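Asker: no letters, just coordinates:
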């Protein structure tokens, strides 16, 4: 076996390994199929050369080899286009595959025009087609390298692969021709290098793993308009996640891309967790575009834009936002990006892109403003009492907490039933019902209404701008000292067990109640006897006592999720202990 | 109708290609009829093809189950992480402190949570009877109805293992036999019955019968179930 046969044979082995590697590791079926077809065509060319050179095969039909050679080059161009424009290629796939159209025609004409693999790079139609294919791939890669911060590194690898194909293909053929040596008859000795470069680019930009992926095809429509990208300006991505839940409930295919998976309660929306890597921005782009490509009219909520900026730097992240807007427009879908945790300069840069900009309030501030309308300055006290009773931080409050908060207010009012009666009691109840009604109306509003409507905090602050405090304003809520005191006492007197139970149930669903009771049983306590010290002990031992919940699962992601829930329980219990100190 | 092949030689022919996807199938039989092995075989074969499956074991712990199944040649490592075992048997021992553990809630918490992160398509619950005992069903029929409806909402093909006493089956008239304690045989979509039958003076033979399979024209007779480097159901058994 001569040296060239050995080299080409080694290349075949590498090509085959790469096909298997990409096939097993990749998460983009169309790209994997294109890659496999491209690599297989190079593999066939190599095998044909080795077979004939080593006299294992009889003389092969030159036209067939030429056909495979044309196919390999056309598929190389299509593969490179897919790797660069993956997010939009779902719609333009048919256009890219037009490159395959001349292949059968040129192959059919080859015997007539006496085109062979050896003369493929001569100045004829075949040579012209090959130049067009490789030229498109190279030009696109160079353009991406020079213009894109997101694809810069990947484009460099693509250029490396294409240039190696050119050197081992046409350049080598011309040299052999000049030296009157034997050509490789279409086989390209650099195909393993090029395919390795392409594989690296393909796998580094692979989508994140998606949980609970909805069915493919057109989805239902929610209330958020389609065909655009919307920036949700909010301190924490509360409305962004809420919008995902609401749209998903309306039957719309929805994907949330974020740092951490959602809590235990299923929202119906699919979730992709950002994994820490320098390619996180490119991966987020492919995750979103593949999702929107397969579920037309869907919704992607990118709540972790700030995380992408940290992992992949801001310029590539900004480019992701721009490209996602393009994807949203071309697929009739919606992309929501949350500005949560972005710096001021990043926020300004995003604003300069002229996204639809929805500014959303902090629900805690709005709830407080609503309370202020009924209870004056005492509203803040009521809210603080509620947060204490539930072991919540004020900034954790979302509109979802409103029903529980109203129940808490009603509990405080019930405490007063023996103290406040008659007209005063009736007046207090009226005030309470008015506040509850406004709170419910606020909680029922989705992101669309809140972004375009008037916020309670704006309404109530209008008088403040006039720097005038009316007597009515001054006395508002003053007569309700009893209610505030009752709420304070309620938050203090509400059995510790109820507070702890709320935490367990929030994290572990219905099983949480019984698991907490089991913990109490271990301490030999009844729920009504639970003390702060017991709760501190339960918190201390949570990771050990509840750790077995994650030990029985053999799926790393699930183990991790359960551990996080247990850690969250521990932290929240400590907060309750601290608040009751 | 899409079907999930069982990958058991002969059984898919009996079932007209396999179990309709999304069906809930009760696999009932006396101890020693290979319910666990047969359903594990289905999960393992699908995992080898890349279809994810979850085996929920309430009786055996993970190590014991793996000892048993690897002894039959079903290596978990070969599945590349596509087969998961939820070891609630071990959790039973570790979660002490109260006899009133919320097993039904825990079962739902895990199976729903794992569905989100692992997206399994085939579920095996070993066994329905163990869950009933642990969860202390107060109104068994109502709670069984609620459980099966909940499992149906998971949207995956499910095999529920049901224990039958040995003496009820051997020699019983199949037309009068009951396959479940609380009429869950009316609630499920399919019933596969396994039994041991005396053969001659000393021998015993395992037999399988597809009693019911919604959406399927199937053979209702008993067939020999043979394990010999994999399961095989021989047709035309009289």
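Answerer: Great, that's in hand. Fair warning: this is a prediction, and the values are worked out from it, not measured in the lab.
Asker: below-threshold pLDDT in chain B: ranges please.
Answerer: B:96-101, B:166-178, B:180-184, B:235-238 (pLDDT under 70).
Asker: cutoff 50 now
Answerer: Along chain B, segments meeting pLDDT under 50 span B:169-172, B:176, B:237-238.
Asker: ditto for the stretch 151-300 of chain A
Answerer: Applying pLDDT under 50 to the stretch 151-300 of chain A picks out residues A:264-266.
Asker: pretty sure residue A:130 contacts residue A:123?
Answerer: No: contact criterion Cβ atoms under 8 Å: residue A:130 and residue A:123 do not qualify, at 11.4 Å. In short, each C-beta sits where N, CA and C put it, glycine included.
Asker: give me the more crowded residue out of those two.
Answerer: Using other Cβ atoms under 10 Å in any protein chain shown as the criterion, residue A:130 and residue A:123 rank with residue A:130 on top: 22 against 9.
Asker: give me the element the more buried one is part of.
Answerer: helix A:125-147 (DSSP states H and E).
Asker: got a list of contacts for that helix?
Answerer: A:66, A:69-70, A:73-74, A:76-77, A:80-81, A:84-85, A:99, A:102, A:106, A:109-110, A:113, A:115, A:119-121, A:151-152, A:154-156, A:158-159, A:162-163, A:165-166, A:169-170 (Cβ atoms under 8 Å, 6 or more residues apart in numbering or on different chains).
Asker: skip ahead from it and say which helix or strand is next.
Answerer: helix A:152-166.
Asker: quick check: PyMOL command selecting the buried ones in the contacts of helix A:125-147.
Answerer: Entered in PyMOL, the line below selects the buried ones among these, by 16 or more other Cβ atoms under 10 Å in any protein chain shown:
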select buried, chain A and resi 66+69+70+73+74+76+77+80+81+84+85+99+102+106+110+115+119+120+121+151+154+155+156+158+159+162+163+165+166+169+170
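Asker: which residues of chain A lie near chain B?
Answerer: Taking Cβ under 8 Å from any Cβ of the partner chain as the contact definition, chain A meets chain B at A:211-213, A:261, A:264, A:266, A:271, A:508-511, A:513-515, A:517-519, A:521-522, A:548-549, A:551-555, A:557-558, A:561-562.
Asker: buried subset of those?
Answerer: The buried subset of these - by 16+ other Cβ under 10 Å - is A:211-213, A:261, A:264, A:266, A:271, A:508-509, A:511, A:513-515, A:517-519, A:549, A:552-555, A:557-558, A:561-562.
Asker: and the helices in chain B?
Answerer: Along chain B, counting by DSSP state H, helices occupy B:11-14, B:35-48, B:62-71, B:88-94, B:103-118, B:128-135, B:140-154, B:166-169, B:184-187.
Asker: how about the stretch 351-500 of chain A?
Answerer: A:363-375, A:378-390, A:402-416, A:422-444, A:447-452, A:456-465, A:471-475, A:481-493, A:496-508 (DSSP state H, counting those that start in this stretch).
Asker: could I get those as a markdown table with mean pLDDT and distance to residue B:52?
Answerer: A markdown table is the format used below for the helices of the stretch 351-500 of chain A (pLDDT from 0 to 100; distance: least, Cβ to Cβ, whole Å):
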| stretch | mean pLDDT | distance to residue B:52 |
| --- | --- | --- |
| helix A:363-375 | 84 | 38 |
| helix A:378-390 | 80 | 37 |
| helix A:402-416 | 79 | 37 |
| helix A:422-444 | 78 | 38 |
| helix A:447-452 | 82 | 34 |
| helix A:456-465 | 58 | 47 |
| helix A:471-475 | 52 | 62 |
| helix A:481-493 | 63 | 46 |
| helix A:496-508 | 81 | 24 |
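Asker: so for residue A:318, which of those sits nearest?
Answerer: helix A:447-452 (22.3 Å; Cβ to Cβ).
Asker: list the contacts of that closest one.
Answerer: Contacts made with helix A:447-452 from outside it, assessed by Cβ under 8 Å, 6+ apart, are listed as A:223-224, A:232, A:239-240, A:242-243, A:246, A:358-361.
Asker: just give me how far it sits from the chain centre.
Answerer: Taking Cα atoms, centre = their mean, to the nearest Å, one finds the center of helix A:447-452 at 23 Å from the center of the full chain.
Asker: quick one: buried residues of it?
Answerer: Residues A:447-448, A:450-451 are the ones in helix A:447-452 that count as buried (16+ other Cβ under 10 Å).
Asker: pick out the most distant pair among those.
Answerer: That would be A:448 and A:450, which, of the buried residues of helix A:447-452, are the farthest apart (Cβ to Cβ) at 7.5 Å.
Asker: ok, residue A:306 touching residue A:341?
Answerer: Yes: under the criterion of Cβ under 8 Å, residue A:306 makes contact with residue A:341 at 3.7 Å.
Asker: please say which of the two ends up with more neighbours.
Answerer: Per other Cβ under 10 Å, whichever of residue A:306 and residue A:341 has more neighbours is residue A:306, with 20 against 17.
Asker: which residues touch the more buried one?
Answerer: When contacts are counted by Cβ under 8 Å, 6+ apart, residue A:306 touches A:340-342, A:346.
Asker: also residue A:534?
Answerer: Each residue near residue A:534 by Cβ under 8 Å, 6+ apart is listed here: A:496, A:520, A:523, A:525.
Asker: could you give the number of residues near residue 31?
Answerer: Reading this off chain A. 23.
Asker: hmm, I had chain B in mind actually
Answerer: By other Cβ under 10 Å, 10 other residues sit near residue B:31.
Asker: next, give phi and psi for it.
Answerer: The phi/psi pair for residue B:31 (degrees, to the nearest 10) reads phi -60, psi 140.
Asker: I'd like the distance between it and chain A.
Answerer: Relative to chain A, residue B:31 is positioned 24 Å away (Cβ to the nearest Cβ, to the nearest Å).
Asker: look up how far residue B:195 lies from that residue.
Answerer: According to Cβ to Cβ, to the nearest Å, residue B:31 stands 11 Å off from residue B:195.
Asker: with residue A:197 instead?
Answerer: Residue A:197 sits 61 Å away from residue B:195, going by Cβ to Cβ.
Asker: and residue B:22, by the same measure?
Answerer: Residue B:22 sits at a distance of 27 Å from residue B:195 (criterion: Cβ to Cβ).
Asker: neighbour count: the two, which is higher?
Answerer: It is residue B:195, of residue B:22 and residue B:195, that has more neighbours when counted by other Cβ under 10 Å, with 25 against 17.
Asker: so the more buried one sits against residue B:30, correct?
Answerer: Yes: shown here, residue B:195 and residue B:30 form a contact pair, counting by Cβ under 8 Å, at 6.6 Å.
Asker: for residue B:52, which non-adjacent residue is closest in space?
Answerer: residue B:120 (4.3 Å; Cβ to Cβ, 6 or more residues apart in numbering or on different chains).
Asker: residue A:234 too?
Answerer: Closest to residue A:234 by Cβ to Cβ, 6+ apart is residue A:360, at 4.3 Å.
Asker: what pLDDT does the model give the one you found?
Answerer: On the pLDDT scale, residue A:360 is placed at 89.
Asker: could you pull up the residues touching it?
Answerer: A:232-234, A:238-239, A:447, A:450-451.
Asker: kindly recompute the last result at 6 Å.
Answerer: By Cβ atoms under 6 Å, 6 or more residues apart in numbering or on different chains, the contact set of residue A:360 is A:232, A:234, A:239, A:450-451.
Asker: one more: residue B:126?
Answerer: B:36, B:57, B:161.
Asker: follow-up on the earlier one: now, of the helices of chain B, which is deepest in the fold?
Answerer: helix B:35-48 (a mean of 22; mean count of other Cβ atoms under 10 Å in any protein chain shown).
Asker: now do that helix: which elements does it pack against?
Answerer: strand B:24-29, strand B:53-57, strand B:122-126 (3 or more Cβ pairs under 6 Å, 6 or more residues apart in numbering or on different chains; DSSP states H and E).
Asker: what strands flank the last one, and is each parallel or antiparallel?
Answerer: Each strand paired with strand B:122-126, and its direction, by DSSP bridges: strand B:53-57 (parallel), strand B:157-163 (parallel).
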